[in-house]
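> Sequence plus predicted model, see below.
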Amino acid sequence: MGLRLALGILELLVRGEVALHLSDFSADENIRNARAGIFGFSCVCAGVFRDVCRGAGSDENPVAEMNWLAAFNQRLARLAISILLLAIAVSLCAPMVHAGNPILPPEAQQGLEKLNSGDPDAAIVLFRALQASAPDQPLGYLLEDGARWSKTYCETLEVKWGMVVTGKREKQPGDEEYLALAEKTIRLASAQAAKKDSAEMHLYIGLALALEARLYGMRSENRATAHAGVRAREEFLRAKQLDPEMTDADAGLGLYNYYVDTLSGIVKVLRFFMGIPGGSKQEGIRQLESAMNGGGITAVEARFYLAKNLRTYDQQYERAAELLEPLTLQYPRNSIFQLFLGNFDLELNRKEKAVAELRAAGAESCCEVSCASHVRAVAGLLLASVGEGVAIISH
């Protein structure tokens, strides 16, 4: 942009066109053929005053006039070239604006790898190190809150109608700390956005609001869930407006569109009167696929939730298993992924495969003790439902 601005200034100064080629500057040549000699720039059609001189009075010395005109045009060209070179230097030194998903620092990348591998406690250690190194940035607090959510999610898993689902629960003491982290993320990201608006900060605000909505939903606080969800949607839309290539924002929009379109008829009527924006399930699926293939911080989560939702709300068991299996191969120690895949395969009547996956889920105890114990109990219930209720030995 700086280069274009400088070229425009140069064109205005000489009332002509600007050409770029290798050349040498000589004061003896007409300015139309003046050569810059610095970075190979030359000015073309710079004899802006030539017609004026031709119309001058006959008393004037034409040779002196032409010498003055040539000297003036040379100084004018040098000034324009100086402006051009300055603009180039500024543009080269300016920080690059990255289009797409945020580029994460090493602590964030390593922490997400731990989290996706089923070790939220180890992930939190890394996320807190990120907070210590950048206390005014929201990312570390957001990621810690996401790790806390994974622990809450695991502890509420239960079996209903043969499906592994998340249950409801009342308020618990740790909830306030969880919500405080989300609010701190929102506050810090808003402060950064006030300095310089960016898609990244709106993404972080949206993700923090989505984490709040999940907890409110688990506690059956429907009004608070809807309020946080609508606000999150607004932030994701703003992120996409600022950067259409940001697939991480597609995850939040996809979940909103999918869930809103799966509401029952009476709830949809209430949604209309409450002014809650509608959604499209098919658009939600497309957006979740975009997020899971985008390689950002929401890629794993988008794949998991899309698989779970297609199973739960659309009974697409085959497609759900196809989506989830790559996560169990990439993160074999994540017992939640193994548990859900075993459940999907049971529904597909793949008993032998399902039993092996459920046993693997129940036997995994690499990391978070309470989660491992709970997964073991849920896996045991599913195994017992198909006559495989043998005790699971953890390793």
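Structure received. Since the structure is predicted, the reported quantities are computational estimates derived from the model, not experimental observations.

> For the chain, which segments count as strands?
Using DSSP state E, the strands of the chain run over residues 18-20, 41-43, 157-160, 163-166.

> Each with direction, which strands does the last one pair with?
On the basis of DSSP bridges, the sheet neighbours of strand 163-166 come out as strand 157-160 (antiparallel).

> hmm, who's touching the strand it pairs with?
With C-beta atoms under 8 Å, 6 or more residues apart in numbering as the test, strand 157-160 has contacts from Val164, Val165, Thr166, Gly167, Ile336, Leu339, His374, Val375, Val378, Leu381, Leu382, Ser385. From N, CA and C alone the C-beta is placed, and that goes for glycine too.

> Now for the fifth one: which residues touch it?
What that stands for is Ile336. Ile336 is in contact with Gly118, Ser150, Tyr153, Cys154, Leu157, Ala361, Cys371, Val375, counting by C-beta under 8 Å, 6+ apart.

> returning to what we had before: of the contacts of strand 157-160 - the most surrounded one?
Among the contacts of strand 157-160, Val375 has the most neighbours (other C-beta atoms under 10 Å), with 28 neighbours.

> Contacts only, for that one.
Val375 makes contact with Cys154, Leu157, Ser335, Ile336, Leu339, Ala361, Gly362, Glu364 under the criterion C-beta under 8 Å, 6+ apart.

> Same list as before, those that is, but in TSV and with pLDDT and distance to Leu112 included.
Formatted as TSV, the contacts of Val375 follow (pLDDT from 0 to 100; distance: C-beta to C-beta, whole Å):
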residue	pLDDT	distance to Leu112
Cys154	95	17
Leu157	96	21
Ser335	95	18
Ile336	96	15
Leu339	97	20
Ala361	95	21
Gly362	92	25
Glu364	84	19
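
> Find the pair from those residues with maximum spatial separation.
Using C-beta to C-beta, the contacts of Val375 reach their maximum pairwise distance at Leu157 and Glu364, which is 14.0 Å.

> So for these two, which sits in the more crowded spot?
Using other C-beta under 10 Å, the more surrounded residue of Leu157 and Glu364 is Glu364, with 24 against 19.

> Name the nearest residue to that one, sequence neighbours excluded.
Excluding its sequence neighbours, the residue lying closest to Glu364 (C-beta to C-beta, 6 or more residues apart in numbering) is Ser335, at 4.1 Å.

> And Gln137, by the same measure?
Leu188 (6.6 Å).

> Was I right to think that neighbour contacts Tyr141?
Yes - shown here, Leu188 and Tyr141 form a contact pair, counting by C-beta atoms under 8 Å, at 6.9 Å.

> higher neighbour count, the two?
Remark: of Leu188 and Tyr141, Tyr141 carries more neighbours, 26 against 23, as counted by other C-beta under 10 Å.

> mind listing what the more buried one touches?
Phe127, Gln131, Leu181, Lys184, Thr185, Leu188.

> So the third one versus Arg223, what's the distance?
From Leu181 across to Arg223, the span is 22 Å (C-beta to C-beta, to the nearest Å).

> neighbour-wise, which of the two wins?
More crowded of Leu181 and Arg223, by other C-beta under 10 Å: Leu181, with 24 against 9.

> The more buried one against Gly146, yeah?
No - using C-beta under 8 Å, Leu181 makes no contact with Gly146, being 9.4 Å away.

> so which of the contacts of Val375 would you say is closest to Pro135?
Nearest to Pro135 among these: Cys154, at 29.0 Å, using C-beta to C-beta.

> which of the residues in stretch 118-133 are buried?
Of the residues in stretch 118-133, Gly118, Asp119, Pro120, Ala122, Ala123, Ile124, Leu126, Phe127, Arg128, Ala129, Leu130, Gln131 count as buried by neighbour count, 16 or more other C-beta atoms under 10 Å.

> what about it, average pLDDT?
Average pLDDT, stretch 118-133: 97.

> what does that stretch rub up against?
Stretch 118-133 has contacts (C-beta under 8 Å, 6+ apart) with 105, 107-108, 110-112, 114-115, 139-141, 143-144, 147-148, 150-151, 331, 333-337, 364, 366-368, 371.

> could you dump it to PDB, C-alpha only?
Extracted as PDB, the C-alpha positions of stretch 118-133 are listed here (Å, rounded to 0.1, in the frame of the first residue of the first chain):
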ATOM      1  CA  GLY A 118      -6.000 -36.200  27.000                       C
ATOM      2  CA  ASP A 119      -3.800 -34.400  29.500                       C
ATOM      3  CA  PRO A 120      -5.500 -31.100  30.500                       C
ATOM      4  CA  ASP A 121      -3.400 -30.700  33.600                       C
ATOM      5  CA  ALA A 122      -0.100 -30.700  31.700                       C
ATOM      6  CA  ALA A 123      -1.700 -28.400  29.200                       C
ATOM      7  CA  ILE A 124      -2.700 -25.900  31.900                       C
ATOM      8  CA  VAL A 125       0.900 -25.700  33.100                       C
ATOM      9  CA  LEU A 126       2.000 -24.600  29.600                       C
ATOM     10  CA  PHE A 127      -0.900 -22.200  29.300                       C
ATOM     11  CA  ARG A 128       0.000 -20.500  32.600                       C
ATOM     12  CA  ALA A 129       3.600 -20.100  31.400                       C
ATOM     13  CA  LEU A 130       2.100 -18.300  28.400                       C
ATOM     14  CA  GLN A 131       0.100 -16.100  30.800                       C
ATOM     15  CA  ALA A 132       3.300 -15.300  32.700                       C
ATOM     16  CA  SER A 133       5.200 -14.300  29.600                       C
END
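
> Give me the nearest residue to Gly118, chain neighbours excluded.
When the adjacent residues along the chain are set aside, Gly118 lies closest to Asn334, with 3.8 Å between them (C-beta to C-beta, 6+ apart).

> Identify the residues contacting the one you found.
Shown in contact with Asn334 (C-beta under 8 Å, 6+ apart): Asn116, Ser117, Gly118, Leu327, Thr328.

> Going by neighbour count, which of the residues you listed are buried?
Neighbour-count burial (16+ other C-beta under 10 Å) applied to the contacts of Asn334 gives Asn116, Ser117, Gly118, Leu327, Thr328.

> Please list all residues in contact with the residue lying closest to Pro120 once chain neighbours are set aside.
Counting by C-beta to C-beta, 6+ apart, Ala147 is the residue found nearest to Pro120 once chain neighbours are left out, at 4.2 Å. By C-beta under 8 Å, 6+ apart, the contact list for Ala147 reads Gly111, Leu115, Pro120, Asp121, Ala123, Ile124, Phe127.
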